[in-house]
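Trainee: Okay, structure incoming, though there's no sequence with it:
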Ligand SMILES: [Zn+2]
């Protein structure tokens, strides 16, 4: 399993919390960079742990990611509305699932519905803003359900001024 860590600005403790895991890091410079980065990480023949730049993992969550037999797992973390729900911030995909769905990102790249986009530019295909929902929706349409882990990971929430780049 390797961790894919895309960032614009790493929050303190994020990298350290991943310990001995093999981490592939990439600095994001544009709205589509996260899409292209994850597309590259998808189906590399290795289990994939997605970790976002403001999520601080813990040993228990990492152990679950390694050991849980489910193919698509996601961990709860706190969101700005105060809810603890899973999203793409800390999620693990098994190699078997990715091998079965090699075209996931090709399909995502075609969607430009702008649903829920906070600013106009974020409605375009491949924007990071809707990537989590699109992965969730398309895998759902293909019959997958994520396995939700109740071990929370820490979300170092950004201030409103920091949210959009
Ligand atoms: Zn699981």
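Mentor: Thanks, I have the structure now. Worth saying up front: this structure is predicted, and the values here are computed from it rather than measured.
Trainee: three-state assignment of the closest residue to residue 32 other than its chain neighbours?
Mentor: In space, and not counting its chain neighbours, residue 32 is closest to residue 126: 4.3 Å by Cβ to Cβ, 6 or more residues apart in numbering. In short, each C-beta sits where N, CA and C put it, glycine included. Following DSSP: H, G, I helix; E, B strand; the rest coil, residue 126 is assigned to coil.
Trainee: Tell me the spacing between residue 126 and residue 108.
Mentor: Using Cβ to Cβ, to the nearest Å, residue 126 is found at 7 Å from residue 108.
Trainee: got it, and residue 38?
Mentor: Distance from residue 38 to residue 108, by Cβ to Cβ: 9 Å.
Trainee: Next, show the common contact partners of the two.
Mentor: Any residue near both residue 38 and residue 108 by Cβ atoms under 8 Å, 6 or more residues apart in numbering counts here, and that gives residue 131.
Trainee: Please name the nearest non-neighbouring residue to residue 2.
Mentor: Counting by Cβ to Cβ, 6+ apart, the residue nearest residue 2 is residue 22, at 4.3 Å.
Trainee: Can you give me the neighbour number for that neighbour?
Mentor: Counted with other Cβ atoms under 10 Å, the neighbours of residue 22 add up to 10.
Trainee: OK, contacts around it?
Mentor: Applying Cβ under 8 Å, 6+ apart to residue 22 gives the contacts 1-3.
Trainee: Quick one, which of these are buried?
Mentor: Buried members of those, counted by 16 or more other Cβ atoms under 10 Å: residue 3.
Trainee: Return the closest of the contacts of residue 22 with respect to the ion.
Mentor: residue 1 (12.7 Å; Cβ to the ion).
Trainee: Would you check that that closest one makes contact with residue 21?
Mentor: Yes. Counting by Cβ atoms under 8 Å, residue 21 is a contact partner of residue 1 at 7.1 Å.
Trainee: near the ion, which of the contacts of residue 22 show up?
Mentor: Counting by Cβ under 5 Å from the ion, nothing from those sits close to the ion.
Trainee: from the contacts of residue 22, which ones fall inside strands?
Mentor: Members of the contacts of residue 22 lying in strands (criterion: DSSP state E): 2-3.
Trainee: what about residue 110, how many neighbours?
Mentor: Using other Cβ under 10 Å, residue 110 has 9 other residues around it.
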